[in-house]
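1. structure of the sequence below:
(one chain, ligands or ions: 1)
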Amino acid sequence: MKKFSQLRPWLAHLASTNRLVATKKNIFLKHELAAIAKKLDGKSGVFFPDPGGHSIPVVSGFMSSRSWIAEAMGVEEGALLHSFRLAADNPLPCKLVDDAPCQEVVHRDFDIRTLLPVPTHSEHDSGPYITAGLVIARNPKTGIQNVSINRIQVNSKDRMAVLILPRHLHAFQQAAEELNQSLPVAVVIGVDPLTLLASQAIAPIDSDELEIAGALHGEPLEVISCLTNDVRVPANSEIVIEGHIPPNVRELEGPFGEYPKYYSSQEKRQVIVVDAVTHRKNPIFHTIVPAELEHLLLGSIPREATILSYLRRSFPGVLDVHLSLGGVGRYHLYVQIKKTHEGLPKNVIAGAFSSHYDVKHVVVVDEDVDVHVPSQVEWAIATRFQAKRGLVVIHDAQGSVLDPSTTVGLPIDVDGVIPSHYQGMSSKLGFDATKPLVYEGHVFTKVKIPGEDEVDLEAVLDNQFPISSYLKSN
Ligand code: MN
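-> Numbering: from 1, shown residues only. Down below sits the predicted model:
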């Protein structure tokens, strides 16, 4: 199967198969654009020419279905996690080039508020946000790059506030700040589907997500050095914002409607000072509508793949995992295992909690339960789970700071905010919803009708049989 290693051919492919529609010109960047994209969420991506009279078009929702994502990768949906996992485990070093489409146009004197068509998405958002910007930075200690998508609030002509959750970019920024140094960064907007996916891998620190992108492409990703710093960015991207995060500078950021479908509060956050903006001659700006499918799936699928890989290192009996959409693609992990020991599910639960701090509720099920079908998982909880022996509870562990239920009852400092070292403190629950290995008779045998999987409806149905006249005449 063909894979899509470039953005524009993927958009063209979606358009030619009725999965990318265009709007009329002059759709408002404030709320209207996001409302239209949300209305078509999961059914069609949307291309907005001249949004708000801006000459740069906006696109949204081009990765908003699990099957589309598999298609972009050139694999069947069932092979999605396996293929992503292979790439994450076998990264390909990038290829440095010295001439790139993303630097066709260079702005050194600019106002990002007018240069780029940045939408305002949700009702209570503080203002325009860049939501599909890949933030790339180098580890000040090792020089190895990291990629993450962070929400970015546009504050003024050359300043943006950014939420940096406690993972790799955070560690780099802290390391630079301890040396009283700025952290050079690039914010890349408009990348190909596979690079977008790779950016969300849950890889170890000092594992460059752009090398995972190369592995997904099947050839090294071409990168170019920024003009004002040493950060390397995908050469074929649409728009690059070059800048730096100065030490010990914070500005207010938020509120902002996030993936859990709630607003996170206004707090002082790190600032990106913009040094230059480069882009293609006629660039396209990508925006992800928060909490909609593109947002949830881009987060969940690479996570599923990397969590599966992580769990299988300790537990070869783990067969499949799923981060459900109802669990906002982050908090609810369903794990399918081949159970070989009565104690195994609890070990798997403990392992799952350590795979990512966002994982809050874990359900372990048997091979006969499809973790991608939430009603089957619920059935396993309903019929195989007993709290007395199957429940694992851990209180006061680190969870997601964006989960509003973690904000209740925590200490508040003099500024009226929860200190960062308490934020996201959460209880974790594990459910062993597996059946016992040994049981009497058919107590735990799933009801099955002989032949149900083999029924050929074309062979057995009679479309001509006159049901109505039969009922009248008999
Ligand atoms: Mn990373």
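
2. what helix or strand does the closest residue to Gly329 other than its chain neighbours sit in?
-> Spatial nearest neighbour of Gly329, excluding adjacent residues (Cβ to Cβ, 6 or more residues apart in numbering): Ser300 at 3.3 Å. Backbone N, C-alpha and C define where each C-beta goes, glycine included. Here Ser300, judged by DSSP states H and E, is contained in helix 293-314.

3. quick revisit: now do the contacts for the residue nearest to Gly329.
-> Leu323, Leu325, Gly329, Arg330 (Cβ atoms under 8 Å, 6 or more residues apart in numbering).

4. confidence score at it?
-> Note for Ser300: predicted pLDDT of 96.

5. now do it against the ion, distance only.
-> 17 Å (Cβ to the ion, to the nearest Å).

6. would you mind measuring from that residue to Asp358?
-> Using Cβ to Cβ, to the nearest Å, Ser300 is found at 10 Å from Asp358.

7. shared neighbours of those two, anything?
-> Arg330.

8. buried sites along the helix holding Ser300?
-> 293-311 (16 or more other Cβ atoms under 10 Å).

9. can you check stretch 49-64 too?
-> For stretch 49-64, a neighbour-count test (16+ other Cβ under 10 Å) marks 50-52, 54, 56-64 as buried.

10. got it, and stretch 328-339?
-> Across stretch 328-339, burial judged by 16+ other Cβ under 10 Å covers Val328, Gly329, Arg330, Tyr331, His332, Leu333, Tyr334, Val335, Gln336, Ile337, Lys339.

11. what do you get for stretch 384-402?
-> Buried residues in stretch 384-402 (16+ other Cβ under 10 Å): Arg384, Phe385, Gly390, Val392, Gln398, Gly399, Ser400, Val401, Leu402.

12. for the first one, phi and psi?
-> Backbone dihedrals for Arg384, given as degrees, to the nearest 10, come out at phi -120, psi -10.

13. dump the residue contacts of it.
-> The contact partners of Arg384, taken as Cβ under 8 Å, 6+ apart, are Val365, Asp366, Gly390, Ala433, Thr434, Lys435, Phe444.

14. now do the SS call for the residue nearest to the second one when sequence neighbours are not counted.
-> In space, and not counting its chain neighbours, Asp366 is closest to Thr434: 5.0 Å by Cβ to Cβ, 6+ apart. Of the three states, Thr434 takes coil according to DSSP: H, G, I helix; E, B strand; the rest coil.

15. just checking, next helix/strand downstream of the helix holding Ser300?
-> Following helix 293-314 in sequence order, the next helix or strand is strand 318-323 (DSSP H and E).

16. to the chain's geometric centre, what's the distance from that following strand?
-> Strand 318-323 sits 17 Å away from the centroid of its parent chain (Cα atoms, centre = their mean, to the nearest Å).

17. now do it: which elements does it pack against?
-> Helices and strands touching strand 318-323, by 3 or more Cβ pairs under 8 Å, 6 or more residues apart in numbering; DSSP states H and E, are helix 293-314, strand 332-337.

18. now the first one and strand 332-337, what's the angle there?
-> If I follow you right, that is helix 293-314. Per axes from the mean of the first three to the mean of the last three Cα atoms, to 10 degrees, the angle that helix 293-314 makes with strand 332-337 is 40 degrees.

19. how about the helices in the stretch 201-350 of the chain?
-> Under the criterion DSSP state H, counting those that start in this stretch, the stretch 201-350 of the chain contains helices at 209-217, 293-314, 344-353.

20. can you add distance to Val373 and give these back as JSON lines?
-> As requested, those are arranged in JSON lines below (distance: least, Cβ to Cβ, whole Å):
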{"stretch": "helix 209-217", "distance to Val373": "27"}
{"stretch": "helix 293-314", "distance to Val373": "15"}
{"stretch": "helix 344-353", "distance to Val373": "19"}
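
21. what about Ala433, how many residues nearby?
-> For Ala433, the neighbour count with other Cβ atoms under 10 Å is 24.

22. returning to what we had before: quickly name whichever of the buried residues of stretch 49-64 is closest to the ion.
-> Checking the buried residues of stretch 49-64 against the ion by Cβ to the ion gives Met63 as the nearest, at 19.4 Å.

23. tell me the phi and psi of the closest residue to Ile418 other than its chain neighbours?
-> What sits nearest to Ile418 in space, not counting adjacent residues and going by Cβ to Cβ, 6+ apart, is Leu410, at 4.8 Å. Main-chain dihedrals, Leu410, degrees, to the nearest 10: phi -100, psi 160.

24. what's the domain layout of this protein?
-> If you go by automatic domain parsing, the domain ranges for the chain are 7-293, 315-436.

25. nearest to the ion, of these?
-> Nearest to the ion among these is domain 7-293 (3.9 Å), distances taken as Cβ to the ion.

26. OK, contacts around the residue positioned nearest the centre of the chain?
-> Nearest to the mean C-alpha position of the chain, by Cα atoms, centre = their mean, lies Gly299 at 1.4 Å. Gly299 is in contact with Gln200, Tyr259, Leu323, Gly329, Arg330, counting by Cβ under 8 Å, 6+ apart.

27. just tell me which of the helices of the stretch 201-350 of the chain ends up closest to Ser469.
-> Proximity to Ser469 (Cβ to Cβ) singles out helix 293-314 among the helices of the stretch 201-350 of the chain, at 46.9 Å.

28. which bits of the chain sit near the ion?
-> Asn146, His168 (Cβ under 5 Å from the ion).

29. of the buried residues of stretch 328-339, which is the nearest to Ala15?
-> Gly329 (26.2 Å).

30. reformat the buried residues of stretch 49-64 as CSV; add secondary structure and pLDDT.
-> What follows is the buried residues of stretch 49-64, written out as CSV (DSSP: H, G, I helix; E, B strand; the rest coil; pLDDT from 0 to 100):
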residue, secondary structure, pLDDT
Asp50, coil, 94
Pro51, helix, 97
Gly52, helix, 94
His54, coil, 96
Ile56, coil, 98
Pro57, coil, 98
Val58, strand, 98
Val59, strand, 98
Ser60, strand, 98
Gly61, coil, 98
Phe62, coil, 98
Met63, coil, 97
Ser64, coil, 97
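
31. ok, these vs Leu344, which is closest?
-> Met63 (34.8 Å).

32. my read: that closest one touches Ala72, true?
-> Yes: in this structure, Met63 is within contact of Ala72 by Cβ atoms under 8 Å, at 7.2 Å.

33. now do the shared contacts for those two.
-> Both Met63 and Ala72 are in contact with Pro193, Leu197, where contact means Cβ under 8 Å, 6+ apart.

34. where in the stretch 151-300 of the chain is pLDDT low?
-> Within the stretch 151-300 of the chain, the set of residues satisfying pLDDT under 70 is empty.

35. again, only this time at 90
-> The model of the stretch 151-300 of the chain has pLDDT under 90 over residues 166, 202, 265.

36. then the stretch 351-474 of the chain?
-> For the stretch 351-474 of the chain, the ranges with pLDDT under 90 are 408-421, 474.
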